[in-house]
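K.L.:
Return a 3D structure for these sequence lines:
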Amino acid sequence: MHYLPDRWRPSGPLQRISLDVQIDSLFAVDERDIVVQKTRWYAGAGNSWEQILRAQNIDTVVIVCNQPSRPNWDRQWPLQSGLSLSRVVMSTVYRLFDLDSKVYVISDNVLELPVDQNADFSKVLLDTPLPKMSLNTISVEDALLALGGS
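P.N.:
Residues are numbered from 1 along each chain as shown. As a prediction, this is how the structure comes out:
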């Protein structure tokens, strides 16, 4: 049984050069940022992300997504600029757990489909496996406070 309408199902692997997978212009990327190509559900698949984390002794990862509000934002395509909790977030969280990373998921900034059941699915996914794995969920406000103190 499929829960996603056809228009929301992935049509295959992410393309290496595609406007659909570009970093949104609301993120200010500068020369200090490291940008890697994401090719599968897990953020580190097909790129050097894990090696970069190890080389820079990064042991803490915050999972965040961007859902910009735009005048022409098409509500029929929520996956274009959001993260799918049960797919992208959880596959990345499980891999980071295996790497002994400290993981924080910004709980009020993830998306699960179908959209009308987002709150229910998110509650189950965020409140059940993550605490058992000693992983953390935080709010956007908590994340911003932490950034302000760093």
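K.L.:
tell me which element Tyr42 is part of?
P.N.:
Secondary structure from DSSP states H and E places Tyr42 outside every helix and strand.
K.L.:
now swap in Thr137 and tell me
P.N.:
Using DSSP H and E, the secondary-structure element containing Thr137 is strand 136-138.
K.L.:
Work out the sheet partners of that strand and label each with its direction, please.
P.N.:
Looking at strand 136-138 with DSSP bridges, its paired strands and their directions are strand 102-106 (parallel).
K.L.:
And the contacts of the partner strand?
P.N.:
Taking Cβ atoms under 8 Å, 6 or more residues apart in numbering as the criterion, the residues outside strand 102-106 that touch it are 59-65, 89, 93, 96-97, 126, 130, 135-140, 143. Heads up, the C-betas are built off the backbone N, CA and C, glycines and all.
K.L.:
Mind doing that once more with 7 Å?
P.N.:
In this structure, residues lying in contact with strand 102-106 by Cβ atoms under 7 Å, 6 or more residues apart in numbering are 59-64, 89, 93, 96-97, 126, 130, 135-140, 143.
K.L.:
report the angle between the axes of the worst-scoring helix or strand of the chain on mean pLDDT and strand 102-106?
P.N.:
Considering only helices and strands, the least confidently modelled element of the chain by mean pLDDT, DSSP states H and E is helix 118-127, at a mean of 80. Taking axes from the mean of the first three to the mean of the last three Cα atoms, to 10 degrees, one finds helix 118-127 and strand 102-106 inclined to each other by 170 degrees.
K.L.:
After helix 118-127, which helix or strand is next? Please name it.
P.N.:
Next along the chain after helix 118-127, taking DSSP H and E as the criterion, comes helix 129-132.
K.L.:
buried ones in that following helix?
P.N.:
For helix 129-132, a neighbour-count test (16 or more other Cβ atoms under 10 Å) marks Leu130 as buried.
K.L.:
try stretch 139-150
P.N.:
For stretch 139-150, burial by neighbour count (16+ other Cβ under 10 Å) applies to Ala143.
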